[in-house]
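In: pasting the structure only:
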Ligand SMILES: NC(=O)C1=CN([C@@H]2O[C@H](COP(=O)(O)OP(=O)(O)OC[C@H]3O[C@@H](n4cnc5c(N)ncnc54)[C@H](O)[C@@H]3O)[C@@H](O)[C@H]2O)C=CC1
Ligand SMILES: O=C(O)C1=N[C@H](C(=O)O)C[C@H](O)C1
C-alpha cells in the first residue's frame, strides 16, 4: 500500500502503523514533491491520503484512473466534490474509495450517538476544538456531525434550535451548518476534540470525544485499508464499515 502526505502529522503516523502491521506492506510513501505515478510503479493496491484539502480530490481522481483503492482522511470535501468522485467511479467498476472525516472509533460513535439523540432535544450545538496548525474550520468531523444531526431532526419533524439573537458580532454564534451552529476553537496543546451539546428545559446532555494522540485514528485507518478492496464505489464515513451507518 501507499501513503500520500507521508511527511505530515497523520501521514507519518500512518506509515508507522502500516510498518507495524504484519499483514500490510508499505511500498510507497509520498509527499508534496513526489509524482503520484510512484504509487502504481510500486504496485500499491490501496493508497491512504492524508494531504491537504486543496489537493486531495485531484489525488483521488488520479488513483481511481490507476485502479488503486483510496482511503481518504483529508478534509475539505463537499457534496459537489464527492459527486464528482462517485461519477468517476461509475466508469471504474471494482475500485473503492472511502472518504472519512474521522477514523477514531470514539468519534464515529459520538456522531452516531448524537444523531440518535438529536430528535429528543429542543436545542443542539457543536463545539470542535483542535491544534492551531489545522488549516480548515469547522473540522470535517463537525460538518459530518452537523449534517447527521440535522438529517435526524428533519426526519423527526423537529424545528431548528431556538435562538433569539438579534444583534451579534460576526462569528459570535459560530457557523450555521445545515441549521446546526458549529463553533471552532484553535488552541496550542489540543489535538482533536468534539462536543455535541443537547439541551431541553432543565437538562443538558453533552457527548464529548477526545483524541489525545494521533494513534487513536490508526485502528480505523487500517480497518479501511483492509476492507476497501472489497467495497467498490464511494463510501462516505467509517460508520458504514463499523455497521453504524
Ligand atoms: N480522517 C481523520 O481521522 C483525520 C483527518 N485529518 C485530516 O487529514 C489532513 C492532514 O492532516 P495533518 O496530517 O494534520 O496535516 P499536515 O499538514 O501535517 O500533513 C499534510 C501533508 O501533506 C503533504 N502534501 C501536500 N500536498 C501534497 C501532495 N500533492 N501530495 C502528497 N503530499 C502532499 C504536506 O507536505 C504535508 O506533509 C487534514 O485535512 C486533516 O483535517 C487529520 C486527522 C485525522
Ligand atoms: O486536522 C486534524 O487534526 C483533524 N482533522 C479531522 C477533521 O477535520 O475532522 C479529524 C480530526 O478532527 C483531526
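Out: Looks like it came in fine. On a predicted model such as this, the values are computed, not experimentally measured, just so you know. Ligands and ions are numbered 1, 2, ... in the order given.
In: Show me which residues of this structure are close to ligand 1?
Out: For the chain, the residues in contact with ligand 1 (Cβ under 6 Å from any ligand atom) are 4-5, 7-11, 30-32, 50-53, 55, 73-75, 100-103, 140, 217. To be clear about C-beta, it is placed using only N, CA and C from the backbone, and glycine gets the same treatment.
In: Quick one, which of these are buried?
Out: In these, burial by neighbour count holds for 4-5, 8, 10-11, 30, 50-51, 55, 73-75, 100-103, 140, 217, counting by 16 or more other Cβ atoms under 10 Å.
In: and these near ligand 2, which?
Out: Filtering these for proximity to ligand 2 by Cβ under 6 Å from any ligand atom leaves 75, 101-102, 140.
In: Take those residues and lay them out in CSV including pLDDT, distance to residue 85 and secondary structure.
Out: As requested, those are arranged in CSV below (pLDDT from 0 to 100; distance: Cβ to Cβ, whole Å; DSSP: H, G, I helix; E, B strand; the rest coil):
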residue, pLDDT, distance to residue 85, secondary structure
75, 97, 15, coil
101, 98, 15, coil
102, 98, 19, coil
140, 98, 15, helix
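In: farthest-separated two in the residues you listed?
Out: Taking Cβ to Cβ as the measure, these span a maximum distance of 9.1 Å, between 75 and 102.
In: any residues in contact with both of those two?
Out: Shared contacts of residue 75 and residue 102, defined by Cβ atoms under 8 Å, 6 or more residues apart in numbering, are found at residue 140.
In: Not counting sequence-adjacent ones, nearest residue to the residue nearest in space to the middle of the chain?
Out: Centroid check for the chain by Cα atoms, centre = their mean gives residue 101 as the closest residue, at 0.1 Å. With Cβ to Cβ, 6 or more residues apart in numbering as the criterion, residue 101 has its nearest non-adjacent residue at 3.3 Å, and that residue is residue 140.
In: Pretty sure that neighbour sits against residue 72.
Out: No: contact criterion Cβ atoms under 8 Å: residue 140 and residue 72 do not qualify, at 10.3 Å.
In: Sort out which of the buried ones among the residues of the chain next to ligand 1 are in strands and list them.
Out: When those are checked against strands (DSSP state E), the matches are 4, 30.
In: Which residue comes closest to residue 104 once chain neighbours are left out?
Out: Residue 104 sits nearest to residue 216 (Cβ to Cβ, 6+ apart), 4.5 Å away.
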